[in-house]
Every structure is written in structure tokens, then in C-alpha cells.
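[1] model this:
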Amino acid sequence: MSHELNLTDEELLRYSRQILLPSWDLEAQQRLKSSQVVILGAGGLGCPVSETLARAGVGAIHLIDDDHIEASNLQRQTLFTAADIGKNKAKTACQALQKINPHVQLTYAEQRLTADNAAEILLVAQAQQSSTPFLILDCTDNFAARERLNEISVQYQLPLLSASAIAMSGQLALYEPAKQSGCYHCVFGDSIASGSDEAVEDTRNCSNSGVLASTTTVMGNLQANAALQYLGLSINPLAGQLLIWDGQRMSQHKLRYRQDKQCPVCANS
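    Prediction:
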């Protein structure tokens with residue numbers, strides 16, 4: 001059964017440069033219009049990725065963030081201005097995105113992800129997604145939230161596109177638990193549990209270690225690039241691979257991973 005939605009004349013004009021691409025087409029744009037994303041985090045990563053997805057024509061975006069805008073956020077959180085200081089990030093981002101593209105359905109939750117509410121607030125659109133492209137985007141800055149997102153992703157067999165950004169570097173991976181190809185815990189769980197250098201690295205965030213303004217914008221748009229291909233073309237350009245971007249050296253490379261057969265999260269899913 002087709003889940004595609006017809007594009008209006010205004011939408012055809014708005015998205016015409018995408019539709020002209022040989023690797024894209026009208027069908028891909030229609031799939032994008034029917035797609036839904038849930039984004040956890042409306043900060044340095046959440047702002048650029050949600051803006052690009054809204055401009056590109058994703059059908060529905062649900063933003064989750066209980067944090068409020070501070071002056072130090074304005075250096076990199078591109079949807080906010082000085083007049084927004086003190087306001088909720090998710091709500092303010094949705095208001096900005098609505099002005100950018102009124103064709104996108106925008107909703108938000110002013111909540112912090114916990115073990116008790118994770119399923120409820122992450123799956124707000126899941127009841128409708130059985131026949132439409134759906135993706136969870138991890139734009140958080142702490143390991144506990146990423147692990148919780150990963151557990152929900154595996155439990156409900158939902159794809160998870162996870163990005164991180166710190167200083168002048170970032171990482172990106174798109175996990176598909178339904179394919180049993182590995183999850184976030186498969187890649188990072190052992191190093192964090194063992195207290196290795198990678199674990200120390202993961203405890204850093206923008207608040208305690210700093211980040212260049214361009215780092216979050218680059219990583220947010222790399223995340224958007226992967227999301228658009230997954231939603232519009234049903235392609236995972238990072239299947240089984242962790243992308244590592246180094247802004248200081250202006251380089252990037254990918255590392256292959258596979259499912260840990262002893263993973264406590266996904267091995268028996």
C-alpha cells in the first residue's frame with residue numbers, strides 16, 4: 001500500500017532543486033513528505049539538523065528538549081536569537097521552523113528523557129508510522145541519554161541516527177536494530193564500562209569542554225544528509241559504519257562495526 005502524499009504546486013516549486021537531482025526524484029520527495037522524525041535535543045545539533053530537514057520537506061518533526069536558551073547557546077544554536085534567552089528550546093525551535101517551512105507538521109515536548117517517560121515521548125508519532133518512513137535522531141550531549149535512546153530503539157525496532165560533536169570533531173552512525181547489525185552499545189558500551197580513554201572522551205560535553213561554532217553545524221548537516229537519504233531513498237549511507245569527522249585536520253574517515261553477540265541491549269532482541 002502506498003504511503004506517498006501528493007505535492008502541491010507550491011511544494012513542487014519549493015523543492016524543485018532537489019527533485020531535479022538524478023539521485024533524487026518526485027517519488028523520493030513524496031516519501032520525504034510522508035516521513036516523520038523525532039529529534040531528542042534542540043541545541044547545537046538539533047538546530048541545524050531540524051532546520052535542514054524542515055527546509056528539505058520532511059513531513060513531520062517532533063522536537064524534545066526541556067532546556068532553556070542561554071546567552072552561551074547563541075554561538076552555535078542557529079535557530080535562536082538574543083530575544084529568545086530564557087525561553088524553552090523545543091518550543092522556540094518549532095516556532096522558528098514554522099516560519100521557515102509552513103508545510104511541515106511541527107510538534108514539541110518540554111520534557112527531559114527518563115526511563116519512565118522515554119517510550120511515551122519518543123513514540124509520539126510511532127502509532128502512525130507503521131507504513132511511513134520514521135527515524136529517531138539523537139542530538140543529545142550525554143551518554144546516559146544516548147544509552148536510553150538506544151534501548152528504546154532496540155526494544156521497538158526503530159532506526160536511530162546518532163550524532164555527537166565536541167571541540168572540533170564529531171561522530172555519526174545510523175543504527176538499524178531490525179537488521180541486527182549492531183547498536184550504539186555494541187560500538188561504545190565496552191569502552192565506557194571499562195573506564196578507558198574513550199569513556200573519558202564521552203563524558204565531555206559543550207558545557208565543560210567547549211565546541212567550535214562550526215562543529216555542531218557540520219555534524220548537524222551530516223546527520224541531516226544521512227536522514228534525507230534514509231527517509232527519501234530508503235538508503236543507509238552509514239550501514240555498519242561509524243563516521244568520524246576531524247575539523248582541525250579537515251578530514252573524515254569511517255570505521256566498520258558489527259553486532260556484539262554478547263551485547264546486553266541488542267544481542268537477544
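
[2] which stretches of the chain have low pLDDT?
    Counting by pLDDT under 70, the chain contains low-confidence ranges at 1-4, 123-131, 190-208.

[3] now do the buried residues in the longest helix anywhere in it.
    For the chain, the longest helix by residue count, based on DSSP state H, is helix 213-233. Within helix 213-233, the residues scored as buried using 16 or more other C-beta atoms under 10 Å are 215-233. Using the backbone N, CA and C atoms, a C-beta is placed for each residue, glycine as well.

[4] show me what secondary structure element comes after that helix.
    Downstream of helix 213-233, the next assigned helix or strand under DSSP states H and E is strand 241-246.

[5] ok, residues contacting that following strand?
    168-173, 187, 218-219, 222, 251-257 (C-beta atoms under 8 Å, 6 or more residues apart in numbering).

[6] check which element follows that strand along the chain.
    Following strand 241-246 toward the C-terminus (DSSP H and E): strand 251-256.

[7] what angle sits between that following strand and helix 213-233?
    In terms of direction (axes from the mean of the first three to the mean of the last three C-alpha atoms, to 10 degrees), strand 251-256 departs from helix 213-233 by 50 degrees.

[8] sheet partners, orientation included, of strand 251-256?
    Note on strand 251-256: by DSSP bridges, its sheet partners are strand 241-246 (antiparallel).

[9] show me the strands in the protein, by range?
    For the chain, the strands defined by DSSP state E cover 36-40, 60-64, 105-109, 134-138, 160-166, 169-175, 241-246, 251-256.

[10] who does the first one touch, helix- and strand-wise?
    Yep, that's strand 36-40 we're talking about. helix 46-56, strand 60-64, strand 134-138 (3 or more C-beta pairs under 8 Å, 6 or more residues apart in numbering; DSSP states H and E).

[11] need the ones you listed in JSON lines (columns: distance to residue 178 and mean neighbour count).
    Shown next, in JSON lines, are the helices and strands packed on strand 36-40 (distance: least, C-beta to C-beta, whole Å; neighbours: other C-beta atoms under 10 Å):
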{"stretch": "helix 46-56", "distance to residue 178": "22", "mean neighbour count": "25"}
{"stretch": "strand 60-64", "distance to residue 178": "21", "mean neighbour count": "25"}
{"stretch": "strand 134-138", "distance to residue 178": "12", "mean neighbour count": "24"}
